[in-house]
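K.L.:
Okay, predicted coordinates and the sequence, questions at the end:
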Amino acid sequence: MNEWRPSIEAFLRENKLFFLQLTKRYCGFHRVPHLAEDVFQEAVVVLIKKWPDKLSEPPDKWCPRAFMCGTLRNLANRAGERYRAEGRRRGPHAGDEPGSLVTDQVSTEDLVLAEFARREIYAAIRSLSPQQRQIVELRKIGELSTRQVAQHLGLRETDVTTSMNKAKKKLRSLLPHELIAEFENAHPNFMLSSEGGGVA
């Protein structure tokens, strides 16, 4: 996947202003201009996922600019539907003017890099054994203690700690230092750089 990163970054860098303006317009139409940043970043994720497969299609069938426009339109529509379904007030909140996108100041390289980092972390977690992966997810996402994980899985706490330490060791061997730091910043209760079960 990393081989496609330069071409994706170049495409987004060249078209970023147009796509941001289009995102604001679509989200404004659906009365959710304050969600424009989320819609734009979600569209970038979709583009990264589809890019390798789509490039194998004939040029007359694959136009990345048209694909991105359609993706933005669909995501803005879904955002509007979700927003209304949740019963929230339609229209922008105070201070959420359509022109105040944080993404305006974020480089396309940062957006793409963040998505590739997320994918690398996810791929490393998927390489664990089923039990290790389940323990990591319960600790990382569920934020359960070692004791709670043991009770949930019907294991002894010592078994959970042993399995967790093996998972941490493997993740440390697979992830570069900067991604380990990013992982720990996002999940302070599950530190890869230390052994042991963390919060009991």
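P.N.:
It's in. Numbering: from 1, shown residues only.

K.L.:
residue contacts, the residue sitting furthest away from the middle of the chain?
P.N.:
For the chain, the residue at maximal distance from the C-alpha centroid (Cα atoms, centre = their mean) is residue 156, at 33.0 Å. Residues near residue 156 by Cβ atoms under 8 Å, 6 or more residues apart in numbering: residue 150. Quick note: C-beta positions are derived from backbone N, CA and C, even for glycine.

K.L.:
Run through the neighbouring helices and strands of the longest helix seen in the chain.
P.N.:
If you go by DSSP state H, the chain has its longest helix at helix 5-29. Under the contact criterion of 3 or more Cβ pairs under 8 Å, 6 or more residues apart in numbering; DSSP states H and E, the helices and strands touching helix 5-29 comprise helix 36-55, helix 64-85, helix 108-126.

K.L.:
Can you name the element that comes right after the shortest one?
P.N.:
Same thing as helix 108-126. Downstream of helix 108-126, the first helix or strand assigned by DSSP states H and E is helix 130-140.

K.L.:
Contacts for that following helix, please.
P.N.:
Residues contacting helix 130-140 (Cβ under 8 Å, 6+ apart): 125-126, 128, 144, 146, 148-149, 152-153, 160, 163-164, 166-167, 170-171, 187, 189-190, 198.

K.L.:
Could you give the average pLDDT over it?
P.N.:
Summarised as a single mean, pLDDT over helix 130-140 is 85.

K.L.:
Show me which positions of it end up buried.
P.N.:
131, 132, 134, 135, 136, 138, 139, 140 (16 or more other Cβ atoms under 10 Å).

K.L.:
same deal with stretch 39-50?
P.N.:
Quick answer for stretch 39-50 (16+ other Cβ under 10 Å): 39, 40, 41, 42, 43, 44, 45, 47, 48.

K.L.:
ok, now stretch 24-34?
P.N.:
In terms of neighbour count (16+ other Cβ under 10 Å), stretch 24-34 has its buried residues at 24, 26, 27, 28, 30, 31, 32, 33, 34.

K.L.:
got the contact list for the fifth one?
P.N.:
Translated: residue 30. 76, 77, 79, 80, 83.

K.L.:
ranking those residues by neighbours, who comes first?
P.N.:
residue 76 (27 neighbours; other Cβ atoms under 10 Å).

K.L.:
In contact with it, which residues are there?
P.N.:
23, 26, 27, 29, 30, 32, 35, 36, 39.

K.L.:
Residue ranges in this protein under the pLDDT threshold?
P.N.:
For the chain, applying pLDDT under 70 flags the ranges 1-2, 55, 58-60, 87-115, 141-142, 186-189, 194-200.

K.L.:
Distance check, residue 122 against residue 63.
P.N.:
Noted for residue 122: a distance of 29 Å to residue 63, by Cβ to Cβ, to the nearest Å.
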